[in-house]
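1. Curious how this folds, go ahead:
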Amino acid sequence: MKNIKIFATALLLTTASFATVAADQPSSQPAADAQKIGVISVAGASNLSALETELANKAAASGASSYRIISAGGQNKLHGTAEIFN
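-> Presented below is the predicted three-dimensional model:
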């Protein structure tokens with residue numbers, strides 16, 4: 001019985017901490033003074049984290065100060081597109 005209470009408490013704390021992290025989503029709008037300088041795309045990423053990293057690297061290489069992912073898709077290999085801003 002004691003093990004069940006410990007497990008239930010651990011599960012509750014894990015779920016509660018995940019919910020607080022998941023609620024903090026960044027704004028999808030660029031800064032008001034940001035000027036769109038182009039669109040970039042990448043293909044062949046194995047997961048969403050890799051896709052985001054590849055887009056961030058390509059945006060930095062393009063001289064952008066920020067970017068916004070506007071599309072992502074695929075099945076085994078992902079592709080994505082992002083707007084880049086100055």
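
2. List the buried residues in the helix or strand hosting residue 37.
-> According to DSSP states H and E, residue 37 maps onto strand 36-45. Using 16 or more other C-beta atoms under 10 Å as the test for burial, strand 36-45 gives 37, 40, 42, 45. Placement of C-beta: from N, CA and C, glycine included.

3. Specify the beta-bridge partners of the second one.
-> Each beta-bridge partner of residue 40 is listed here: residue 82, as defined by DSSP bridges.

4. so what's it up against?
-> For residue 40, the contacting residues are 55, 58-59, 62, 67, 81-82, 84, by C-beta atoms under 8 Å, 6 or more residues apart in numbering.

5. Taking these, please make a ChimeraX selection of just the buried ones.
-> With 16+ other C-beta under 10 Å as the criterion, this ChimeraX line picks the buried residues out of the contacts of residue 40:
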select :55,58,59,67,82,84
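
6. List the ones among the contacts of residue 40 that fall in strands.
-> 67, 81-82, 84 (DSSP state E).

7. so which of the residues you listed comes closest to residue 50?
-> residue 82 (14.1 Å; C-beta to C-beta).
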